[in-house]
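Asker: Give me a 3D structure for the following:
(one chain, ligands or ions: 1)
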Amino acid sequence: MATISQLKKPNQDHARNAGVPLRLDLLEDVRINLSAVERRASTLGGRRSVKKEHQAAWLLKAISCMDLTTLNGDDTAGRVKRLCAKARQPVRPDILRALGMENRNITTGAVCVYHSMIETAVEALEGTGIPVAAVSTGFPAGLSPFSLRVKEIEASVAAGANEIDIVITRGHVLTGNWQALYDEVKTFRAACGEAHLKAILGTGDLVTLRNVAKASLVAMMAGADFIKTSTGKESINATLPVTLVMIRMIRQYLDMTGHKVGYKPAGGISVAKDILNYQIMMKEELGKPWLQPDLFRIGASSLLGDIERQLEHHVTGRYSADFRHPMS
Ligand SMILES: O=C[C@H](O)COP(=O)(O)O
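Answerer: Okay, here's the model as predicted:
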């Protein structure tokens, strides 16, 4: 990983995943060694750590990969505008100056909102190049009538969303109805058009890591641009074991098809040191391209404040109070 002075702009030149025909035989072959997965995930933080200047560089990179999110029933246009202002300038200028990064135009990777807030976000982010992501298809349960879920995607694209975070029907996974899951995601992908599709698997609902692995493969075969763990509304959201399983499926799919698919852990990631573990895992398993925002996003509503706090500690040697790092 680069030091701060070497931090580069992302390379976004890979082709979109076009999907491939459903291969049920590959699903039959999926095997997960649970204890090996848990061991690898639990030893990651102890084996590898990222210090000082390198840590600040990794945290700035994490910001550039963040889908800064608000998904609450009480969201208002005012809150979304404040969130967008934070996305444009996620770190206080004095901290960036002290890091020598004031001219790097660091922004978050995207802003993620419900459909009703898309136009507000698009307007607030105009001229920045920051994409607007909309959760869709009856988020978070994904159980509204299928035709309405497709129309919801079309409406969000028409309203200006560049990225659509769809939720899969978890029941298709739990009943092993892989064809239905494939058809669903493929239809959603077609409805997205040029907008990129992130497939939220709701991994906390899928019971086994084998199900997570199979659902990951099916979503990619159906053309997902990203696979994403969670809505943030399940009782278990992103974890490192689930991440290991999903990114190994991304590697398998890349070996099989040549298509690069992105990864988005989401839900419950609120502490800077946790995101460093995700970044280390991405780099070790998939390599540096998966540390860039075109292939790695972090879905988080409350991580940015802690990252900014750690950066301030890096430049001043002191921690400041949370209220000095408002999220929005
Ligand atoms: O997609 C993003 C998640 O909803 C964010 O979850 P969070 O509020 O737990 O950070």
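
Asker: And the helices in this protein, which stretches?
Answerer: Under the criterion DSSP state H, helices of the chain are mapped to 24-28, 34-47, 52-64, 77-88, 93-99, 118-124, 146-158, 170-174, 178-192, 209-221, 240-257, 272-286, 304-316.

Asker: what about Asn72, how many neighbours?
Answerer: 10 (other C-beta atoms under 10 Å). In this view, the C-beta of every residue, glycine as well, is placed from N, C-alpha and C.

Asker: Equivalent analysis for the one 4 residues further on, please.
Answerer: Burial measure for Thr76: 12 neighbouring residues, criterion other C-beta under 10 Å.

Asker: how close does it sit to the ligand?
Answerer: When C-beta to the nearest ligand atom, to the nearest Å is the yardstick, Thr76 and the ligand sit 17 Å from each other.

Asker: What values do phi and psi take at that residue?
Answerer: Its backbone dihedrals place Thr76 at phi -130, psi 170, with angles given as degrees, to the nearest 10.

Asker: and the residue nearest to Ala266 when sequence neighbours are not counted, what is it in contact with?
Answerer: For Ala266, the nearest residue in space outside its immediate sequence neighbours is Gly299; the separation is 2.6 Å by C-beta to C-beta, 6 or more residues apart in numbering. With contacts taken as C-beta atoms under 8 Å, 6 or more residues apart in numbering, Gly299 has the following neighbours: 67, 69, 112, 165, 228, 230, 232, 238, 264-267, 269.

Asker: quick one on the thing from earlier: find the one among the helices of the chain with the highest mean neighbour count.
Answerer: Mean neighbour count, computed with mean count of other C-beta atoms under 10 Å, is highest for helix 209-221 among the helices of the chain, reaching a mean of 25.

Asker: Identify all contacting residues around that helix.
Answerer: Under C-beta under 8 Å, 6+ apart, the answer for helix 209-221 is 17, 19-23, 26-27, 30-32, 34, 37, 168, 173-174, 178, 181-182, 185, 199, 201, 203, 206, 227, 241-242, 245-246, 248-250, 252-253, 259, 261.

Asker: could you dump stretch 130-144 to PDB, C-alpha only?
Answerer: Taking only C-alpha atoms (Å, rounded to 0.1, in the frame of the first residue of the first chain), the coordinates of stretch 130-144 have been written out as PDB:
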ATOM      1  CA  ILE A 130     -19.600  11.600  -6.800                       C
ATOM      2  CA  PRO A 131     -22.100   9.000  -7.800                       C
ATOM      3  CA  VAL A 132     -25.500   8.600  -6.200                       C
ATOM      4  CA  ALA A 133     -26.400   5.100  -5.200                       C
ATOM      5  CA  ALA A 134     -30.100   4.200  -4.400                       C
ATOM      6  CA  VAL A 135     -31.200   1.100  -2.500                       C
ATOM      7  CA  SER A 136     -34.000  -0.500  -4.400                       C
ATOM      8  CA  THR A 137     -36.300  -3.500  -5.100                       C
ATOM      9  CA  GLY A 138     -38.200  -3.300  -1.900                       C
ATOM     10  CA  PHE A 139     -35.200  -2.700   0.300                       C
ATOM     11  CA  PRO A 140     -34.500  -4.100   2.900                       C
ATOM     12  CA  ALA A 141     -36.700  -7.300   2.700                       C
ATOM     13  CA  GLY A 142     -37.100  -7.400  -1.100                       C
ATOM     14  CA  LEU A 143     -40.500  -8.900  -0.900                       C
ATOM     15  CA  SER A 144     -42.700  -6.400  -2.800                       C
END
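
Asker: Run a quick neighbour tally on the closest residue to the ligand within the stretch 151-300 of the chain.
Answerer: At 2.6 Å from the ligand, Gly232 is the closest residue in the stretch 151-300 of the chain, using C-beta to the nearest ligand atom. By the criterion of other C-beta under 10 Å, Gly232 has 21 neighbours.

Asker: Could you check how far the spatially closest residue to it that is not a sequence neighbour is from Ile236?
Answerer: Using C-beta to C-beta, 6+ apart and skipping the chain neighbours, the partner closest in space to Gly232 is Gly267 (3.8 Å). Between Gly267 and Ile236 the distance, using C-beta to C-beta, to the nearest Å, works out to 8 Å.
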